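A.B. asks: Sharing a model prediction with you, sequence too.
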Amino acid sequence: MTQLDSDLALLADTVLQPGFVGTSAPDWVRRRLGRGLGGVALYSRNVADREQTAELTAQLRAENPDVVIAIDEEAGDVTRLDARTGSDRPGNLALGAVDDPDLTEAVARDIGADLAAVGITLNYAPTVDVNSRPENVVIGVRSFGADPALVARHSAAWVRGLQAAGVAACAKHFPGHGDTVEDSHFDAARVHASREELAATALPPFTAAIAAGVRAIMTGHLLVTAYDEELPATLSPVLLTGLLRERLGFQGLIVTDGIEMAAVARQWGVGGAAVRALAAGADAICVGGEYKNEGIVGLLRNSIVTAVREGALAQERLADAAARVRALARWGREAAADLGRTPEVGLAAARRAVRVTGSGLPLAGPAHVVELDTPTGIAVDQSMPWGVAGPLAALLAGTTTGRVGPEPEPDWLDAALAAADGRALVVVGRDAARHPWARQARARLLAARPDAVVVELGMPEPEPVGSVYVVTHGGTRACGRAAAEVLTGRH
């Protein structure tokens with residue numbers, strides 16, 4: 001290998017942020033870090049508890065003290081630190097419903113303190129997308145709301161809070177995933193808004209985050225036809241260099257959404273998509289998901305080096321990207337702060353986010369809870385516990401529960417009504433309105449028991465459902481606890 005090849009390989013390694021399997025650092029990750037791998041991305045598969053996570057990050061940093069250690073901790077329904085238990089904080093929609101930027105900043109500061117304590121450098125959050133399409137299946141409760149001004153002020157507050165702890169925030173998904181119906185994990189999500197509409201709706205939160213000093217912005221695999229009719233934003237120089245860098249003035253780290261996602265990898269391949277993203281203006285390549293082994297790192301590095309050698313990627317552009325990664329690592333060392341956690345702020349925020357329509361609470365005694373087990377988006381860990389039955393049973397001894405899925409037993413309704421005979425019936429859903437089977441199941445329960453209490457842990461519906469409608473604006477552990485307190489009058 002020539003000196004040029006060695007130099008290019010080091011630059012290529014610096015811009016990669018791969019994932020891996022295990023709660024300790026595999027040998028291949030250690031070797032790569034020792035050779036200059038600039039970053040890693042942690043997921044729930046890498047997290048058992050706080051002590052283990054701190055030990056893992058120490059292992060990584062022992063091989064490369066300047067490694068950028070990233071995680072996807074939105075701290076609402078999308079949590080990696082608490083995927084086994086559910087988060088003790090509410091997510092963005094709940095914070096937007098309260099609309100107290102000081103509270104949002106305090107919650108984000110607590111998240112930052114938590115992450116800093118276990119050695120995290122970069123958090124792939126907050127989601128600053130404006131949820132302007134109610135049918136959006138990707139964003140939903142991950143957004144602060146549908147009002148651009150509200151989302152902008154809470155995005156700025158979240159960035160300030162997180163970065164006060166010395167953990168870099170990463171606003172996503174540029175230039176805005178809220179006005180879409182497709183899931184970019186599977187296909188490029190299309191944004192049909194004009195430039196003027198984008199300037200009024202999708203872009204203000206990014207502008208606010210930049211003004212607040214956000215250290216990183218994550219691209220979305222979004223086909224924004226007003227700017228580029230052919231290339232998704234992740235691969236588009238018009239959007240990354242022209243709009244984000246030159247027009248919005250962002251000088252921090254641009255990191256891609258998962259480069260293995262079908263929206264970009266299907267057409268260009270993982271290596272080809274990484275090269276195009278770097279050429280377009282991205283600085284760091286996030287690769288996680290199912291691509292979590294040494295082979296993908298070698299493929300990406302070789303693709304990048306080859307692209308420079310063949311003239312498809314300018315060496316100066318690659319060097320600039322690597323310099324921005326190193327600058328982020330340097331900022332993290334200089335900004336490190338030991339703030340200490342304030343864990344009570346999460347539950348306090350969840351309590352303030354609960355909304356109740358109708359009368360009939362508190363419950364007079366033990367209830368039967370029927371939870372409609374709807375699927376969540378791919379960003380949410382599918383095994384994460386959720387619900388109201390557990391926290392309600394802890395407050396009301398004798399409370400019973402049952403779960404109903406898309407293909408329930410033929411006698412599920414009779415069984416549920418029998419279990420609720422002589423006691424309150426509580427029907428719990430997560431985005432129930434989005435799933436025809438869940439809407440139908442809920443309607444049948446309400447037809448038989450008009451007095452049933454309906455609890456929604458996801459997106460609230462335009463009109464209240466049932467005689468008592470409780471909305472938490474999220475399905476985290478804290479949200480479930482807050483709902484149970486409302487049901488029992490103990491909030």
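C.D. replies: Yes, it's here. Since this is a predicted model, take the numbers as computed values, not measurements.
A.B. asks: which regions of the stretch 151-300 of the chain lie under the pLDDT threshold?
C.D. replies: 181-188, 289-292 (pLDDT under 70).
A.B. asks: quick one, helices of it?
C.D. replies: 195-200, 204-211, 237, 262-280, 294-310 (DSSP state H, counting those that start in this stretch).
A.B. asks: a markdown table for the ones you listed, including mean neighbour count and distance to Leu363?
C.D. replies: Every C-beta, even on glycine, is put in place using the N, C-alpha and C of the backbone. Listed next are the helices of the stretch 151-300 of the chain as a markdown table, based on neighbours: other CB atoms under 10 Å; distance: least, CB to CB, whole Å:
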| stretch | mean neighbour count | distance to Leu363 |
| --- | --- | --- |
| helix 195-200 | 14 | 45 |
| helix 204-211 | 23 | 39 |
| helix 237 | 15 | 58 |
| helix 262-280 | 22 | 46 |
| helix 294-310 | 18 | 52 |
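A.B. asks: Let's have those in TSV, adding distance to Leu150.
C.D. replies: Shown next, in TSV, are the helices of the stretch 151-300 of the chain (distance: least, CB to CB, whole Å):
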stretch	distance to Leu150
helix 195-200	14
helix 204-211	9
helix 237	32
helix 262-280	28
helix 294-310	38
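A.B. asks: and Arg477, which of these is closest to it?
C.D. replies: helix 204-211 (26.8 Å; CB to CB).
A.B. asks: By residue count, tell me the biggest helix in the protein.
C.D. replies: In the chain, taking DSSP state H as the definition, the longest helix is helix 315-335.
A.B. asks: For that helix, which helices and strands make contact with it?
C.D. replies: If you count contacts as 3 or more CB pairs under 8 Å, 6 or more residues apart in numbering; DSSP states H and E, helix 315-335 packs onto helix 3-14, strand 68-71, strand 168-174, strand 253-255, helix 262-280, helix 294-310.
A.B. asks: Give me the buried positions along the next helix-or-strand element following it.
C.D. replies: From helix 315-335 onward toward the C-terminus, using DSSP states H and E, the following helix or strand is helix 344-353. For helix 344-353, the neighbour count (16 or more other CB atoms under 10 Å) marks Val345, Gly346, Leu347, Ala348, Ala349, Ala350, Arg351, Arg352, Ala353 as buried.
A.B. asks: Which two among these are spaced furthest apart?
C.D. replies: For the buried residues of helix 344-353, the farthest-apart pair by CB to CB is Val345 and Ala353; their separation is 12.6 Å.
A.B. asks: Would you mind putting the helices and strands packed on helix 315-335 into TSV with distance to Ala424 alongside?
C.D. replies: Formatted as TSV, these follow (distance: least, CB to CB, whole Å):
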stretch	distance to Ala424
helix 3-14	59
strand 68-71	40
strand 168-174	41
strand 253-255	48
helix 262-280	45
helix 294-310	52
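A.B. asks: Is Arg481 part of a helix or strand, or is it coil?
C.D. replies: Following DSSP: H, G, I helix; E, B strand; the rest coil, we place Arg481 in the helix state.
A.B. asks: Leu95 too?
C.D. replies: helix.
A.B. asks: residues in contact with Leu93?
C.D. replies: Taking CB atoms under 8 Å, 6 or more residues apart in numbering as the criterion, Leu93 is in contact with Gly76, Asn131, Gly140, Val141, Arg142, Ser143, Phe144, Gly145, Met459, His473, Gly474.
A.B. asks: which residues does Gly161 contact?
C.D. replies: The neighbours of Gly161, taking CB under 8 Å, 6+ apart as the test, are Thr104, Glu105, Ala106, Val107, Ala108, Arg109, Asp110, Ile111, Gly112.
A.B. asks: okay, now Glu63: neighbour count?
C.D. replies: Close neighbours of Glu63, defined as other CB atoms under 10 Å, add up to 16.
A.B. asks: Out of the helices and strands packed on helix 315-335, the one nearest Thr23 is which?
C.D. replies: Across these, closest to Thr23 is strand 68-71 (CB to CB), at 13.5 Å.
A.B. asks: Neighbouring strands of that closest one in the sheet, and parallel or not?
C.D. replies: Strand pairing for strand 68-71, using DSSP bridges, gives strand 39-42 (parallel), strand 122-123 (parallel).
A.B. asks: Am I right that Val455 is in a strand?
C.D. replies: Yes - Val455 sits within a strand when classified using three-state DSSP.
A.B. asks: check contacts around it.
C.D. replies: Taking CB under 8 Å, 6+ apart, one finds Val388, Val426, Val427, Val428, Gly429, Val470, Val471, Thr472, Ala483, Leu487 in contact with Val455.
A.B. asks: which two in these are spaced the farthest apart?
C.D. replies: Largest separation among these by CB to CB: Gly429 and Leu487, giving 14.8 Å.
A.B. asks: one step back: any idea which of the helices and strands packed on helix 315-335 gets closest to Val465?
C.D. replies: strand 168-174 (30.6 Å).
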